[in-house]
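Asker: got a structure for you, letters missing:
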């Protein structure tokens, strides 16, 4: 997402090698500090989810760092649900991530 020529938001989508073509992972979502809490994350999600739906993707997965409550609320507003699966961070096993999923209609 751009504001003029300035990058203000990014959302990375990827597919693991053994993943079905109708599934993908959100790898990251980032909004520039001066543009946070202004609806930019929602705009990015709405745009990317719409494009994925049109391209035939039916399921989106993501991992969210425990304690990232703002991001969790954002994803939940879009319908993401917990899989009740957690994994420790490789570089900091004391911290973990929760796996979420969304079925696109």
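Answerer: Thanks, I have the structure now. Computed from a predicted structure; not experimentally measured.
Asker: grab the nearest non-local neighbour of residue 97.
Answerer: residue 63 (4.0 Å; CB to CB, 6 or more residues apart in numbering). Placement of C-beta: from N, CA and C, glycine included.
Asker: can you give me the pLDDT of the residue most central in space within the chain?
Answerer: Nearest to the geometric centre of the chain sits residue 26, at 4.2 Å (CA atoms, centre = their mean). Note for residue 26: predicted pLDDT of 95.
Asker: same question for residue 32.
Answerer: At residue 32, pLDDT is 86.
Asker: before we move on, the earlier item: quickly note the distance from the residue nearest to residue 97 to residue 87.
Answerer: According to CB to CB, to the nearest Å, residue 63 and residue 87 sit 7 Å apart.
Asker: list the buried residues of the lengthiest helix in the chain.
Answerer: The single longest helix within the chain, with elements called by DSSP state H, is helix 40-54. Within helix 40-54, the residues that count as buried by 16 or more other CB atoms under 10 Å are 40-41, 44-45, 48-49, 52.
Asker: and stretch 93-105, by the same measure?
Answerer: Residues 97-98, 100-102 are the ones in stretch 93-105 that count as buried (16+ other CB under 10 Å).
Asker: all good on my end, thank you.
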